[in-house]
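Peer 1: Okay, here's the prediction I keep looking at, along with the sequence it came from:
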Amino acid sequence: MTIARCFVSGLRVPAGAMLFAGAVTAVGWAAVRADRLTVTSSAFADGATIPAVYAFRGCASGAENRSPQISWRGAPAGTKSYAITMFDPDAPTGHGFWHWVVFNVPASIHGLDSGAAARTESLHGAIIGHADFGTSSYGGPCPPPGDKPHHYVITVRALDVALVPGGTSSTTGPQLVAAVEGHVVAEGKLIGRFGR
């Protein structure tokens with residue numbers, strides 16, 4: 001599916017995704033957070049513009065659809081794995097747009113290199129779930145032309161389980177959030193902006 005078709009014809013989302021997205025918005029995801037992680041990137045500062053190289057191919061000059069470098073710190077004792085998502089709440093879908101879903105990142109890992117999503121060995125055994133582009137891969141920013149810059153929320157969740165229950169490469173963002181409910185021991189966010 002092309003990015004143009006995603007926003008022109010609308011997305012087909014899993015049953016219950018819209019309902020779940022509404023529920024997530026209502027509780028703000030923070031209700032389960034016991035501690036706060038600090039999430040940073042060498043690619044952009046919190047609140048700053050995401051460089052074009054990390055955008056979806058064809059959406060900007062120089063776009064390579066490369067996942068950005070991210071690091072995190074501050075996980076409490078008892079952390080057994082991490083889950084990472086990148087979500088655009090501004091997408092004109094009525095329920096946002098999931099760009100990246102990663103989980104089962106070992107507790108010993110505290111960052112992912114730029115481009116890690118394209119190299120299995122760089123993910124340290126983690127699983128990439130199903131993004132709204134229709135593939136189990138990273139999909140960079142690509143808002144509709146003329147929109148105000150969208151916000152891309154990278155969330156890292158520290159979990160008290162080593163493996164997400166029932167998690168596979170078909171796991172969507174809403175399914176991941178549901179699966180880790182009650183297992184999040186810390187959480188942190190990094191927000192980048194991108195427009196065209």
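Peer 2: That came in fine, so what should we check first? Residues are numbered from 1 along each chain as shown.
Peer 1: neighbours of the spatially closest residue to Phe56 that is not a sequence neighbour, just the number please.
Peer 2: If the residues on either side of it in the chain are set aside, Phe56 comes closest to Cys142, at 3.8 Å by Cβ to Cβ, 6 or more residues apart in numbering. For every residue, glycine as well, the C-beta is placed using N, CA and C. Other residues within reach of Cys142, judged by other Cβ atoms under 10 Å, total 27.
Peer 1: my read: Cys142 touches Ile50, true?
Peer 2: No - proximity of Cys142 to Ile50 does not meet the contact threshold set by Cβ atoms under 8 Å, at 11.1 Å.
Peer 1: what do those two both touch?
Peer 2: With contacts defined as Cβ atoms under 8 Å, 6 or more residues apart in numbering, no residue is shared by Cys142 and Ile50.
Peer 1: ok so, going back, in a strand, the residue nearest to Phe56, correct?
Peer 2: No - remark: Cys142 does not belong to a strand; assigned using DSSP: H, G, I helix; E, B strand; the rest coil, it is coil.
Peer 1: mind checking how far it is from Leu112?
Peer 2: Noted for Cys142: a distance of 21 Å to Leu112, by Cβ to Cβ, to the nearest Å.
Peer 1: Pro76 too?
Peer 2: For Pro76, the distance to Leu112 equals 20 Å [Cβ to Cβ].
Peer 1: These two: which is more packed in?
Peer 2: Taking Pro76 and Leu112 together and counting by other Cβ under 10 Å, Leu112 has the greater number of neighbours (25 against 12).
Peer 1: Quick check: phi and psi on that one?
Peer 2: The phi and psi torsions at Leu112 (degrees, to the nearest 10) take the values phi -130, psi 140.
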